[in-house]
Structure formats: C-alpha cells, structure tokens
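Peer 1: any chance you could fold what I've pasted below:
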Amino acid sequence: MRIDQKTFDKAVKELEKRGEIKVSDLATKLGVSRGWLYDNFPAVRNFNQRLTEDEAIAAIETLRAEKPSEEITIGEISERLGIVRQTFSRRFSHLKKYLKPDGGVFAPSTAEEKLLAQVKQLEEQLKNLKKEQSAELLRKEDEIFSLFMRRDAEDFESRSMQSTIKRFQNQVEEHAEHAKAKAREVTDLRLQLSKYKSQENQGGCEILHHLRPDYSAISELETPSLKDINRFFKAAEQESFEQAEVVIADLKPDYVVFFQPFLSCEYSSIPALPKSGKVVLVESNVPLADQRKKFISNIRSQNIIAICAQTSLAKTRLFSRGLKVPFGDEYVSRLHASVTLPVLKDGFSAVIIFEPGPL
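Peer 2: Predicted structure coming up:
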C-alpha cells in the first residue's frame with residue numbers, strides 16, 4: 001500500500017480534532033499496521049510523548065542560531081522536535097512569537113553589537129577591495145604583456161613604455177594603500193570593541209588573575225562515559241581550586257569573585273564587578289555547597305563575592321553544545337539538576353544571582 005504525506009497529514013488532522021493522537025488509531029484509520037507506520041513515518045514515535053516547552057524553545061533557539069528567524073518554518077521546528085506540524089500548532093502556538101524579529105523578544109542592539117556590525121561591514125568591504133585589486137592587477141599585466149608582444153625589445157625600453165609601466169605601478173600601489181587603510185580601520189574597531197567589553201565587564205576594578213578549570217582532558221577521550229566525564233570534571237575543579245589558593249595567598253587581592261556559570265554562559269556575561277580595587281576572579285562549575293565551603297575556608301579572605309548564573313536547562317544545553325569540551329546533554333542535565341545556589345551563610349560577603357542574556 002502507498003500512502004503519501006498529504007494523506008498521512010489529513011488523517012492526523014482528523015484524529016487531532018478528537019483529542020490526543022494514538023498510533024493504533026492512526027494505523028486503523030489508514031488501514032495499515034503500526035509497524036508499517038513506524039517504518040514509513042518515523043514521526044509517529046513521538047505521538048505518545050509529552051514534549052516540554054523548554055524542549056520546544058531549545059529547538060527554536062537552535063534553528064535561530066542557524067538562520068534568520070523570519071526564514072524558519074513551523075515544518076522545520078516540528079521536524080526538529082520529531083512531531084507533525086499540526087501537533088506543534090495545537091500545543092505550542094504561543095511560541096510563534098519567537099519567530100518575529102519585531103515582536104519584542106529580541107534584546108535591543110547594544111554598542112557592542114553595533115561595533116560588530118561595523119567590523120563585519122568593513123571586513124566585507126576589504127574582501128571586495130582585495131578582489132578588485134587582484135582583478136585590476138591581472139588586467140594591467142595583460143595590457144603590459146600585449147604591449148610587449150606588439151613591440152620589440154628596443155621599443156619596450158623606450159620612455160613611453162616606461163611611463164606606462166610606472167603609471168600602472170602607481171595605480172597598483174594606490175590600491176594596496178587603500179586596502180591597508182581599510183585593514184587599519186578594522187583593527188581600530190576591534191580595539192574599540194575590546195575596550196568596550198573591558199569597561200563594561202570590569203566596572204573600574206583591576207583583574208589581577210582569572211582562574212578557570214581546564215576540562216580539555218575530557219576532549220581527549222574517544223567515547224567518554226558519564227563516570228569518566230565526572231571524574232575528569234572533579235579533577236579539573238580541584239586543580240583549579242589549588243592554583244587559586246596559591247594565587248590569592250601571593251597577590252592578596254581586595255576582593256575574590258567566585259563566578260559560577262554552571263556551563264550556561266561566558267565570563268563576559270557577569271552583570272557587575274567591584275567599582276575599584278584589585279580582584280582575583282575564580283571561575284567554577286561545582287554544584288554543591290560543601291565544595292564551595294571547603295574552598296572558602298582554605299583561602300580565608302574577608303571579601304568573597306559570589307556571582308552565579310541561573311537559567312533554564314534548555315538554554316544551558318544550548319550553550320554547552322558550543323563548548324569545545326563534549327560534556328553531552330545527559331551530563332549537563334544531571335549537573336543542572338544538582339546545582340545548589342550560593343548563599344551568604346556559605347561564607348560570602350555578597351551573593352549576586354543573574355539570568356544570562358540571549359545567546
């Protein structure tokens with residue numbers, strides 16, 4: 001029997017009007033077995049599963065990272081979730097706002113984004129300029145070669161020919177200078193961007209040292225198990241803590257900032273730092289209070305500020321997938337579930353909890 005997508009969709013739509021779709025009811029309506037449906041329309045495997053809103057948002061955010069929102073279709077989101085279009089429209093129609101650039105979902109442009117846009121525009125201009133320069137050089141070389149072929153060696157040494165060559169050389173040099181000027185402009189804008197990030201994040205204080213755990217050993221494993229990942233994770237955190245204790249004892253900073261992103265954001269997402277003074281920044285993803293308390297007890301500093309990121313599992317998974325270390329969704333989910341947020345009684349002089357911005 002041959003059943004096309006249109007017939008399949010029509011049957012699904014009719015069953016949806018009655019309530020939740022069952023694979024057995026769909027098979028009966030189409031006059032086929034459930035096994036045949038599973039083989040020919042894999043999407044039916046998800047009919048009896050309840051997708052969460054976080055999973056739907058994660059699918060949309062992943063597609064938004066691949067293409068502009070206005071180009072994303074409901075069909076693409078449904079396919080990514082493993083459901084049919086009708087199911088998405090019925091259960092998650094309120095999430096369609098995530099596909100509208102003018103719907104107030106996206107954050108307004110920042111100075112950093114404007115600088116990045118200028119850098120991108122200038123890099124594109126520089127790329128086109130180099131292409132034009134290369135094409136112009138080839139054209140001039142062809143002209144010189146043609147002239148050379150039309151005249152003998154004596155004529156080629158004449159003043160007229162030398163003047164022509166000199167003019168061509170001057171034009172090539174002008175193109176090269178223009179390209180260098182564009183390159184310098186790009187470099188200046190990158191410096192401005194770097195200064196903007198520095199001013200925005202440091203808030204006037206002096207960052208003496210930024211320590212973070214090195215998880216690179218996990219990347220060297222071919223097929224790491226959850227046990228392997230957790231073992232290397234703990235070892236990297238412990239080594240980072242030991243280094244931090246030595247650095248803090250040596251530098252004697254005014255503040256120690258204990259930053260916990262829990263694999264959900266970068267250091268640049270920190271909303272605020274001390275306005276003045278010398279700071280040692282210690283980055284860690286340990287989820288349990290006992291591990292934090294032990295570290296705080298060892299460094300014996302009076303001014304320890306905890307800054308902690310708190311966001312949804314969907315956003316955390318989406319961010320961690322972009323890291324160079326292959327933690328995997330299952331490990332990230334377990335870490336997210338075990339997190340206990342820092343509190344003042346852990347030994348901190350202040351605690352800041354924030355929601356990271358859009359990825």
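
Peer 1: show me where the stretch 201-350 of the chain has its strands.
Peer 2: 206-211, 255-260, 278-283, 304-309, 350-354 (DSSP state E, counting those that start in this stretch).

Peer 1: average model confidence for the first one?
Peer 2: In other words, strand 206-211. Strand 206-211 comes out with an average pLDDT of 92.

Peer 1: which other helices and strands contact that strand?
Peer 2: Contacts of strand 206-211 with other secondary structure elements, assessed using 3 or more Cβ pairs under 8 Å, 6 or more residues apart in numbering; DSSP states H and E, are made with helix 226-251, strand 278-283. From N, CA and C alone the C-beta is placed, and that goes for glycine too.

Peer 1: can you give the domain ranges for the chain?
Peer 2: The record assigns the chain these domain ranges, following automatic domain parsing: 5-99, 111-202, 206-354.

Peer 1: could you say which of those is packed most deeply?
Peer 2: Mean neighbour counts were compared across those using mean count of other Cβ atoms under 10 Å; the top stretch is domain 206-354, at a mean of 17.

Peer 1: flag the shaky bits of the stretch 251-359 of the chain, pLDDT-wise.
Peer 2: Across the stretch 251-359 of the chain, the stretches falling below the confidence threshold (pLDDT under 70) are 359.

Peer 1: returning to that earlier point: make JSON lines out of the strands of the stretch 201-350 of the chain and add distance to residue 329.
Peer 2: Shown next, in JSON lines, are the strands of the stretch 201-350 of the chain (distance: least, Cβ to Cβ, whole Å):
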{"stretch": "strand 206-211", "distance to residue 329": "27"}
{"stretch": "strand 255-260", "distance to residue 329": "20"}
{"stretch": "strand 278-283", "distance to residue 329": "22"}
{"stretch": "strand 304-309", "distance to residue 329": "18"}
{"stretch": "strand 350-354", "distance to residue 329": "24"}
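
Peer 1: out of the ones you listed, flag the one nearest residue 26.
Peer 2: Taking Cβ to Cβ as the measure, the strands of the stretch 201-350 of the chain were each checked against residue 26, and strand 304-309 came out nearest at 43.2 Å.

Peer 1: quick one, which of the strands of the stretch 201-350 of the chain is nearest to residue 182?
Peer 2: In terms of Cβ to Cβ, the element of the strands of the stretch 201-350 of the chain nearest to residue 182 is strand 206-211, at 32.8 Å.

Peer 1: among the strands of the stretch 201-350 of the chain, which is nearest residue 88?
Peer 2: Counting by Cβ to Cβ, residue 88 lies closest to strand 304-309 out of those; the figure is 29.7 Å.

Peer 1: neighbouring contacts of the closest one?
Peer 2: Contacting residues not belonging to strand 304-309 are listed as 255-262, 264-265, 269-271, 274, 292, 296, 341-342, 346-356 [Cβ atoms under 8 Å, 6 or more residues apart in numbering].
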